[in-house]
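Asks: A predicted structure for the sequence below; I have some questions about it.
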Amino acid sequence: MQAAEQQLKQRLAVETPRITGGLSLVDSIPNPSNRPSNGSTGTGGGAESGSLLDKRPSALIRRYGALYAQARIDTFDALEKLPQLSDCDELKSKLLFSVVVLAFRSVGNTIADMKSQVRRALRVKGDASSDPYAEDLEASVELYLRSKAEDFDVTKNIQDVCQQILATLYDYPCLKECRGLITYVGDSVRLAWALSTQTPPYRLEFEARAFRPDYHVRFHSSNQGSDHIRNYLWPALIEAENGPCVHKGVVIT
C-alpha cells in the first residue's frame with residue numbers, strides 16, 4: 001500500500017507542471033454547474049460564500065485564503081470517506097494542492113488562447129506595446145474577461161482539471177464519484193479565472209526551495225530550524241510576475 005501511494009505521489013509531482021491545452025472532455029465526469037449551488041456540500045461553499053459580484057482584489061485574495069482554510073479542509077474530509085484514500089493523508093494533500101495549480105494553468109491557457117484568437121481574427125501583428133491601437137484592443141479584451149468573471153462559462157476548464165486528475169490517479173476511479181472533489185475543482189477554477197483576469201493578473205508561486213518569510217509560512221510539522229522547503233501544501237499568491245506576495249504559501253521545511 002505504501003509503495004502504491006508513493007508511486008501515485010510521484011505521478012502527481014511529475015504531471016502537475018505538465019499542463020497542455022486541447023484535452024478532450026471526459027464523459028464519465030459529471031457536468032458540474034458553472035455556479036455553486038446554495039446547498040452545495042463537499043467544500044461547503046466556504047471559498048464561494050461571498051457574492052461573486054465582489055471582484056475587488058482584496059475580496060478575491062480573501063477567497064483564496066478561504067479556499068485553503070475552509071474548502072480544502074472540507075474536501076480533505078470528503079476524500080477521507082473514500083475507503084481507498086482513508087489512510088493516504090499525504091496523497092490527499094498533494095491532490096488538493098495539484099488541483100489549484102492545474103486550475104490556474106488551465107485558465108491561463110484559455111485566456112492566452114482567447115487573446116491570440118482575437119489578434120489573429122483582426123490580423124494584429126507584432127507586440128501590442130508597439131501599437132497603441134493593439135494595446136487598447138488587448139486592454140478591452142482584458143476588461144471584458146474581468147467584467148464577466150462571475151458568469152463566464154468555465155465548465156470546460158473544470159472538466160479539463162478533472163480529466164487530468166483522473167488520468168494521473170487512474171488507480172483511484174472512486175475519485176470521479178466524489179462530489180466534494182468536483183465542487184472543490186469548480187471553486188478553484190472559478191477563483192483562478194477571477195484572479196487571472198485582474199490587471200495585473202495574479203499568479204502562483206510553488207517552485208522556490210528556500211524558505212522566505214515574506215512568501216511562506218511553515219506548517220506545524222516543519223523543522224523550524226531548516227529553511228529548505230521539502231513540500232508545498234499550498235502555493236503562494238503573487239501579484240503580477242515579480243510583484244508582492246499577497247497570500248503566503250504553506251510549506252513543510
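Replies: Looks like it arrived, so ask away.
Asks: quick one: low-confidence parts of the stretch 101-250 of the chain?
Replies: Scanning the stretch 101-250 of the chain for pLDDT under 70 picks out 128-129.
Asks: do that again at 80, thanks
Replies: For the stretch 101-250 of the chain, applying pLDDT under 80 flags the ranges 126-130.
Asks: can you give me the strands in it?
Replies: 202-205, 216-218, 231-234, 236-239, 245-247, 249-252 (DSSP state E, counting those that start in this stretch).
Asks: can I get these in a markdown table with mean neighbour count and distance to residue 55?
Replies: Yep, even glycine has a C-beta here, placed from its N, CA and C like the rest. Listed next are the strands of the stretch 101-250 of the chain as a markdown table, based on neighbours: other C-beta atoms under 10 Å; distance: least, C-beta to C-beta, whole Å:
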| stretch | mean neighbour count | distance to residue 55 |
| --- | --- | --- |
| strand 202-205 | 20 | 12 |
| strand 216-218 | 18 | 26 |
| strand 231-234 | 21 | 22 |
| strand 236-239 | 21 | 15 |
| strand 245-247 | 18 | 15 |
| strand 249-252 | 21 | 23 |
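Asks: Redo those strands as JSON lines? Include distance to residue 173.
Replies: Output for the strands of the stretch 101-250 of the chain, formatted as JSON lines (distance: least, C-beta to C-beta, whole Å):
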{"stretch": "strand 202-205", "distance to residue 173": "28"}
{"stretch": "strand 216-218", "distance to residue 173": "35"}
{"stretch": "strand 231-234", "distance to residue 173": "26"}
{"stretch": "strand 236-239", "distance to residue 173": "32"}
{"stretch": "strand 245-247", "distance to residue 173": "34"}
{"stretch": "strand 249-252", "distance to residue 173": "29"}
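Asks: nearest to residue 75, of those?
Replies: Among the strands of the stretch 101-250 of the chain, the nearest to residue 75 by C-beta to C-beta is strand 231-234 (12.9 Å).
Asks: Any idea which of the strands of the stretch 101-250 of the chain gets closest to residue 103?
Replies: strand 202-205 (9.4 Å).
Asks: and the closest one, which strands flank it?
Replies: Next to strand 202-205 in the sheet, as set by DSSP bridges, lie strand 236-239 (antiparallel).
Asks: List the single closest residue to the residue nearest the centre of the chain in space, sequence neighbours excluded.
Replies: For the chain, residue 100 is the residue whose C-alpha lies nearest the centre (C-alpha atoms, centre = their mean; 2.4 Å). Excluding the flanking residues, the one nearest residue 100 by C-beta to C-beta, 6 or more residues apart in numbering is residue 188, at 5.2 Å.
Asks: Kindly report the same for residue 102.
Replies: Nearest non-adjacent residue to residue 102 (C-beta to C-beta, 6+ apart): residue 161, at 4.6 Å.
Asks: same thing with residue 93?
Replies: Nearest to residue 93 is residue 233, by C-beta to C-beta, 6+ apart, at 5.8 Å.
Asks: okay but that neighbour is in contact with residue 222, surely?
Replies: No. Contact criterion C-beta atoms under 8 Å: residue 233 and residue 222 do not qualify, at 10.0 Å.
Asks: any common contacting residues for those two?
Replies: Here residue 233 and residue 222 have 251, 252 as joint contacts, going by C-beta atoms under 8 Å, 6 or more residues apart in numbering.
Asks: Any buried residues in the lengthiest helix in the chain, and which?
Replies: The helix spanning the most residues in the chain, taking DSSP state H as the definition, is helix 89-121. Neighbour-count burial for helix 89-121, counted by 16 or more other C-beta atoms under 10 Å, picks out 91-111, 115, 119.
Asks: ditto for stretch 173-181
Replies: 175, 176, 178, 180, 181.
Asks: need the residues you listed in TSV with distance to residue 168, can you?
Replies: Output for these, formatted as TSV (distance: C-beta to C-beta, whole Å):
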residue	distance to residue 168
175	10
176	13
178	15
180	18
181	13
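Asks: Tell me the one of these nearest residue 142?
Replies: residue 181 (31.2 Å).
Asks: neighbours of the residue lying closest to residue 243 once chain neighbours are set aside, just the number please.
Replies: Closest residue to residue 243 apart from its sequence neighbours, by C-beta to C-beta, 6+ apart: residue 200 at 6.8 Å. Counted by other C-beta atoms under 10 Å, the residues lying close to residue 200 total 11.
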